[in-house]
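# dropping the sequence and predicted coords here.
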Amino acid sequence: MRRLLCVFLVILAVAIGLSGCAPEFERPTLEDMAMIGVIGFDYTGTEEVKVSVSIPVPSSRIKEMNQTYTTNASVTSEAMLALSTMAERTMSLSQLRVILVGEEYARKVGISKVLLDLYRNPVVGENVFVAVVKGRAEEIIRRNYKNKPELNTYLNYLLRPRVETAFSSFTSIKDFVYMMTSEVCDPNLPYLIHRAEDVEVARVALFRGDKMVDFMSSREGKMAQAMIGRKRLPRMSFQFPEPKKENLDKLTAEVVSEQKSEQIILDFVWAKSKVRSNGSQTKPLITIRLELRASLVGYTGTKNLEKRKQFEALKKQLEAEIKKEATVMLNRFQKAGVDPAQLEESLRQKYHGEWSRAVGMKLYQKAEFDVRVSMEIIGFGTMN
């Protein structure tokens, strides 16, 4: 019994000694963490990519400060290793909110490599917003924005879906990976431009696969979103030349001559689309029916809209203009070989055989478009 007690005491002493020699690593507290909010990727001319990150630093002042770090690496995970040695705190991607990609990198290299690396990282959320920037992403990250929240909050709110900027899909990393691997559509991302002290969602960047190939204006984006099935669209302005008047007295003629055009501003409160194809593989026809309800919130013209005949004429005029613009837009997309409006889905639904993106694009590029617009004006705003 005494021998067993001695053996136990010896083992206990050895264990205490060994534990005293082992180094202690404590988990970092929240104050010791450097939470990356924005990450940017830029073209370097080599196989490497320039990675820039923005980290908010809470201070005693009203506005928070940001720390910015940059490095070159082949993949994001490698960049994180290099960046971690530069910061005095432990870097983490768990609070990543925005991914910015420089236009040159998006056009020449493609963004699948860096996005998929982040997408596979378990600490990165699926709802991180992705956008293309004019110039370099590093410039957007390093700029100072007066009278704005700190950069991470500012860009996060800027890229959130809103009715006013609903011409863009405001794609998350999950959405982009889905569209990039889809067999019936092409991805698109918001295109950011720095103006004075602001960042503006100016256009929409169009992709073929993972490479940027073209732009879509905000007006075209509204049309495309209507075809995809968005229920609420942003306001749109239409301008038409004033029709010629005959047999007017002198005073009326002078008023009309000063009024060179009539402008109509519509607030779309509801939209519905139906996209169907005829199923033909030799002469495919895609029919797009757009049903729109809008409030006329602004009008400058000579029509008396209280008169039913003139009101109906204005409505027909708007329907014809929307049809014309939509058809021109679709023909341009078709020529560029991109399908941001997801019209290939209608071709796939009636296709017999093994479907692939190559088959869908071949049918899409030789298809004809029949756009039919039905407009209902349900209210009036300011008239001039």
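In hand now; what should we look at?
# surely residue 133 and residue 192 touch.
Yes - proximity of residue 133 to residue 192 meets the contact threshold set by C-beta atoms under 8 Å, at 4.6 Å. Just so you know, the C-beta spots here come from the backbone N, C-alpha and C atoms, and that holds for glycine as well.
# what touches both of these two?
Between them, residue 133 and residue 192 have 100, 140 as joint contacts when contacts are counted by C-beta atoms under 8 Å, 6 or more residues apart in numbering.
# now stretch 138-153: average pLDDT?
The pLDDT scores in stretch 138-153 average 89.
# can you show me the CA trace of that stretch as PDB?
Included here for stretch 138-153 are C-alpha records, laid out as PDB according to Å, rounded to 0.1, in the frame of the first residue of the first chain:
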ATOM      1  CA  GLU A 138      -7.600  49.200 -53.200                       C
ATOM      2  CA  GLU A 139      -8.300  52.900 -54.100                       C
ATOM      3  CA  ILE A 140     -11.900  52.500 -52.900                       C
ATOM      4  CA  ILE A 141     -10.800  50.900 -49.700                       C
ATOM      5  CA  ARG A 142      -8.100  53.500 -48.900                       C
ATOM      6  CA  ARG A 143     -10.100  56.600 -49.600                       C
ATOM      7  CA  ASN A 144     -11.500  58.800 -46.800                       C
ATOM      8  CA  TYR A 145     -15.300  59.400 -47.100                       C
ATOM      9  CA  LYS A 146     -16.400  62.600 -45.300                       C
ATOM     10  CA  ASN A 147     -19.900  62.700 -43.700                       C
ATOM     11  CA  LYS A 148     -20.200  58.900 -44.100                       C
ATOM     12  CA  PRO A 149     -20.100  56.000 -41.700                       C
ATOM     13  CA  GLU A 150     -16.900  54.000 -41.500                       C
ATOM     14  CA  LEU A 151     -16.200  52.100 -44.800                       C
ATOM     15  CA  ASN A 152     -17.400  48.700 -43.800                       C
ATOM     16  CA  THR A 153     -20.800  49.900 -42.700                       C
END
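# what about the residue lying closest to residue 73 once chain neighbours are set aside, helix or strand, and which?
Computed as C-beta to C-beta, 6 or more residues apart in numbering, the closest residue to residue 73 that is not its neighbour in sequence is residue 79, at 3.7 Å. Using DSSP states H and E, residue 79 sits within helix 76-84.
# report the distance from that helix to the chain centre.
Relative to its parent chain, helix 76-84 has a centroid offset of 26 Å by C-alpha atoms, centre = their mean, to the nearest Å.
# CA atoms only for that helix, dumped as PDB, please.
Extracted C-alpha coordinates of helix 76-84, given in PDB (Å, rounded to 0.1, in the frame of the first residue of the first chain):
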ATOM      1  CA  THR A  76      -6.900  34.300 -50.400                       C
ATOM      2  CA  SER A  77      -5.900  31.800 -47.800                       C
ATOM      3  CA  GLU A  78      -2.200  32.500 -48.600                       C
ATOM      4  CA  ALA A  79      -2.900  36.200 -48.400                       C
ATOM      5  CA  MET A  80      -4.400  35.800 -44.900                       C
ATOM      6  CA  LEU A  81      -1.200  34.200 -43.700                       C
ATOM      7  CA  ALA A  82       0.800  37.100 -44.900                       C
ATOM      8  CA  LEU A  83      -1.600  39.800 -43.600                       C
ATOM      9  CA  SER A  84      -1.800  38.200 -40.200                       C
END
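# following that helix, which helix or strand comes up?
Read in the C-terminal direction, the helix or strand following helix 76-84 is strand 90-92, with elements assigned using DSSP H and E.
# please name every helix or strand in contact with that following strand.
Under the contact criterion of 3 or more C-beta pairs under 8 Å, 6 or more residues apart in numbering; DSSP states H and E, strand 90-92 touches strand 33-35, helix 76-84.
# direction included, what does that strand pair against?
Looking at strand 90-92 with DSSP bridges, its partner strands are strand 33-35 (parallel).
# contacts for the strand it pairs with next, please.
The list of residues contacting strand 33-35 from outside it, by C-beta under 8 Å, 6+ apart, reads 55, 56, 67, 87, 89, 90, 91, 92, 94, 95.
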